[in-house]
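Visitor: fold the following for me, if possible:
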Amino acid sequence: MFRMVQEMLYVGKGKTLSRDNFSLIYWGNFRLKVKMSNFSIEFIKDQNRLPGLMDRLCLAPVIALDIETVNWWNRHQEQVALIQIAYRSEGKTKVAVVDSLAKLDLEVLRRPLELPSVIKIIHNAPFDASKLAKHFKFRVTPVYDTMAGQMNSTFTASLTPFIIDKLQ
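Guide: Purely as a prediction, here's the structure:
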């Protein structure tokens, strides 16, 4: 989805810097050097930034969604660590990375994730959607699963023009 060149280096600060079409993103002990392709990344670790994100997501016709989990092999210790959402706004691609381990009230994300007018594009949707349902009681719908679509080229061919039309 994004043309990104990533270089992981051990550093650790907690901010984003932009310089000469590259963005240096500090997250924990890692520094990512990302080739910019007309997109921005917003890290959300505090509650007051979630309502604005919710408003923007409700206006997007299509969003791409991905989650990262920890301890997924142990159903009693499993947690959703990050919720990553990409969307288009004002002709630019925007990426929100929500730290779901930061004790945020993620209920404000329910509306855009369940809104029928917003298509959610997810790779391996049964995994991600089931984890969002289990941990946050979100019923993510409607969903286009890129993994299932890849396996069923007829379905992909029929839905792809619809998604492209929504993105323009």
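
Visitor: using PDB, write down the CA coordinates of the lengthiest strand in the chain.
Guide: Of all segments of type strand in the chain, defined using DSSP state E, the longest is strand 79-89. Taking Å, rounded to 0.1, in the frame of the first residue of the first chain, the C-alpha atoms of strand 79-89 are listed here in PDB:
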ATOM      1  CA  GLN A  79      -3.300  -8.300  23.900                       C
ATOM      2  CA  VAL A  80      -3.800  -6.000  21.000                       C
ATOM      3  CA  ALA A  81      -0.700  -3.700  21.100                       C
ATOM      4  CA  LEU A  82      -1.200  -1.400  18.100                       C
ATOM      5  CA  ILE A  83      -4.100  -0.500  15.900                       C
ATOM      6  CA  GLN A  84      -2.800   0.900  12.600                       C
ATOM      7  CA  ILE A  85      -5.200   2.700  10.300                       C
ATOM      8  CA  ALA A  86      -4.500   4.300   7.000                       C
ATOM      9  CA  TYR A  87      -6.900   6.600   5.200                       C
ATOM     10  CA  ARG A  88      -7.100   9.400   2.600                       C
ATOM     11  CA  SER A  89      -7.800  13.000   3.700                       C
END
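
Visitor: relative to the helix or strand that that strand is followed by, what are the paired strands and their orientations?
Guide: Downstream of strand 79-89, the next assigned helix or strand under DSSP states H and E is strand 92-99. Strand 92-99 has the following sheet partners, assigned by DSSP bridges: strand 39-44 (parallel), strand 79-89 (antiparallel).

Visitor: buried ones in the helix or strand that strand 92-99 is followed by?
Guide: Following strand 92-99 in sequence order, the next helix or strand is helix 110-114 (DSSP H and E). By 16 or more other C-beta atoms under 10 Å, the buried positions in helix 110-114 come out as 110, 112, 113. C-beta here means a position set from N, CA and C on the backbone, and glycine is covered the same way.

Visitor: now for helix 110-114, which elements pack on it?
Guide: Helix 110-114 sits against helix 50-59, with contacts defined as 3 or more C-beta pairs under 8 Å, 6 or more residues apart in numbering; DSSP states H and E.

Visitor: got a list of contacts for the helix it packs on?
Guide: 42, 44, 63, 85, 87, 89, 94, 96, 98, 104-106, 108-109, 111-113, 115, 118 (C-beta atoms under 8 Å, 6 or more residues apart in numbering).

Visitor: what about residue 121, which SS state?
Guide: strand (DSSP: H, G, I helix; E, B strand; the rest coil).

Visitor: where does this structure have low pLDDT?
Guide: Across the chain, residues meeting the criterion (pLDDT under 70) sit at 1-38, 149-168.

Visitor: one more time with 50
Guide: Applying pLDDT under 50 to the chain flags residues 1-20, 27, 155-165, 167-168.
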